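Colleague: give the three-dimensional model of this entry:
(4 chains)
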Number of protein chains: 2
Amino acid sequence: MIKLLLAEDQGMMRGALALLLGLEEDMEVVAQVGNGDEILPTALSERPDVALLDIELPGRSGLDAAADLRAQLPECRVLILTTFGRPGYLRRAMEAGASGFLVKDGPVEDLAAAIRRALAGERVIDPALAAAALSAGPNPLTQRERDVLAAAVDGATVADIAAKVHLSPATVRNYLSAAIGKTQTRNRMEAVREARQKGWL
Amino acid sequence: MIKLLLAEDQGMMRGALALLLGLEEDMEVVAQVGNGDEILPTALSERPDVALLDIELPGRSGLDAAADLRAQLPECRVLILTTFGRPGYLRRAMEAGASGFLVKDGPVEDLAAAIRRALAGERVIDPALAAAALSAGPNPLTQRERDVLAAAVDGATVADIAAKVHLSPATVRNYLSAAIGKTQTRNRMEAVREARQKGWL
DNA sequence: AACGTGTTCTGACAAATGTCATCGACACTT
DNA sequence: AAGTGTCGATGACATTTGTCAGAACACGTT
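Modeller: Numbers count the residues shown, from 1 in each chain, chains lettered A, B, ... in the order given. You can find the predicted model right below:
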């Protein structure tokens, strides 16, 4: 019996997947969580064979949780299941030691198959996505540039960002300028969009 | 036997829901579409009793499709199923003649129950959401203000917007200023976020 | 010790953005 | 015919944003 942990914030999606996977003869959903912070503790007590993690969760991100699991429960395989097939997400998932990366666009039938393949030691990755990840190249942004850019989402002003990151407004503008240059965009919002899209966050 | 039409762009969600609802004794999924433009033609040929529509779809929006269905297939009940419980969405869904409005956060068990209640002529709406919709008030933005604001998403410059909407750049700035005032925000991005959140689009 | 890289800051400048008063054109009321 | 309202546009203005050069400091490499 394959023991599964499911981390997904949308209740309906989580419930539907749990029911669905529970119908498989050789699978059993031993735990469901809707919050990233609960993943590690729950996994440590339930000892699943495979953890199916969404990336964008309240609390700890699925990618961070994946790294936690690799470190503290190495016999548990990690599969990332996400809405967004962003190249940078795939890259980070692989770096975090995930066994596979699935997008929610695909057919449900793939899911159980992917779980079995992951358990057999295979890597499960959409080939088109793998190509995109390679062509996107590594993240050119420094830590600070990422911080500032992340604080710039939904129209925060320079002063807002400066306060949030504890920097001088002038410095914030410099970092924004650098980020805009590196993303080849024309203003901060385009830079945010581009960095998000590439998974550089 | 209750005949269902399912419109949802995420393949995995669509497949999971179809399987799930197919398990119900009295239900049958007669059609699945992943594109808003296919909803009306498919409904006209398959004649479902209830249509379960996502709002954010490629092609025609679920809300527009709901209005189409009310006009051309009035005996078909429409249930909106969406990720975002935005007050404005609910308002527009009701205006389009939907029988119910569900958010994907809720438990799956509610779904089949909601379908049966809709078919019985009841309105199915999350009470908390209904309250939020009433408190949000009607859309204060004029058509042009909406156009301009919609064109301002993801960091378009004034010139970009002017070209897209066929207005003078100076006029665009005036509309943006008005929209910023009405949304009580400080810049165009905040205005976009706020208007989106309230469903004013 | 010299070099490169990243961080933090300043000052100066040009360009874009947000605000406001005002104007003409047009469609409605009354 | 005069009044009212909306729409699109203009010009002027202050503020914000984006760019650039430079300076000081910490950290690793070589």
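
Colleague: the helix or strand of chain A with the lowest mean pLDDT near chain B anywhere?
Modeller: When each helix and strand of chain A is scored by mean pLDDT, DSSP states H and E, helix A:127-136 comes last, with a mean of 78. No: with C-beta under 8 Å from any C-beta of the partner chain as the criterion, chain B is not reached by helix A:127-136; the gap is at least 14.4 Å. Quick note: C-beta positions are derived from backbone N, CA and C, even for glycine.

Colleague: what of stretch A:6-26?
Modeller: Yes: using C-beta under 8 Å from any C-beta, stretch A:6-26 reaches chain B at A:9-13, A:15-17, A:19-20.

Colleague: with stretch A:170-181 instead?
Modeller: No: on the criterion C-beta under 8 Å from any C-beta, stretch A:170-181 is out of touch with chain B, staying 10.2 Å away.

Colleague: any idea of the mean pLDDT in that stretch?
Modeller: Averaging pLDDT along stretch A:170-181 yields 93.

Colleague: quick one: distance of that stretch to the chain centre.
Modeller: In this view, stretch A:170-181 has its centroid 26 Å away from the chain centroid, taken as C-alpha atoms, centre = their mean, to the nearest Å.

Colleague: got it, and stretch A:46-66?
Modeller: 9 Å.

Colleague: could you do stretch A:98-108 as well?
Modeller: Distance of stretch A:98-108 from the chain centroid (C-alpha atoms, centre = their mean) equals 12 Å.

Colleague: picking that back up, closest one of the residues of stretch A:6-26 next to chain B to DNA strand D?
Modeller: residue A:9 (31.3 Å; C-beta to the nearest atom of the strand).

Colleague: next, the contact list for the closest one, please.
Modeller: A:34-35, A:54, A:56-58, B:105 (C-beta atoms under 8 Å, 6 or more residues apart in numbering or on different chains).

Colleague: one more: residue A:169?
Modeller: Listed by C-beta under 8 Å, 6+ apart, the contact set of residue A:169 reads A:158-159, A:162.

Colleague: just the buried subset of the residues you listed, please.
Modeller: Listed as buried from these are A:158, A:162; burial here means 16 or more other C-beta atoms under 10 Å in any protein chain shown.

Colleague: so of the contacts of residue A:169, which ones are in helices?
Modeller: By the criterion of DSSP state H, membership of those in helices covers A:158-159, A:162.

Colleague: reformat the residues you listed as a markdown table; add pLDDT and distance to DNA strand C.
Modeller: Conversion of those to a markdown table gives the following (pLDDT from 0 to 100; distance: C-beta to the nearest atom of the strand, whole Å):
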| residue | pLDDT | distance to DNA strand C |
| --- | --- | --- |
| A:158 | 91 | 11 |
| A:159 | 91 | 13 |
| A:162 | 92 | 8 |
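
Colleague: which of those residues come close to DNA strand D?
Modeller: By C-beta under 7 Å from any atom of the strand, the members of the ones in helices among the contacts of residue A:169 lying near DNA strand D are A:158-159.

Colleague: among the ones in helices among the contacts of residue A:169, which one lies nearest to residue A:196?
Modeller: Nearest to residue A:196 out of those is residue A:158 (C-beta to C-beta; 19.7 Å).

Colleague: contacting residues for the most centrally placed residue in chain A?
Modeller: Centroid check for chain A by C-alpha atoms, centre = their mean gives residue A:55 as the closest residue, at 3.2 Å. With contact taken as C-beta under 8 Å, 6+ apart, residue A:55 is in contact with A:61-63, A:80, A:82, A:84, A:89, A:93.
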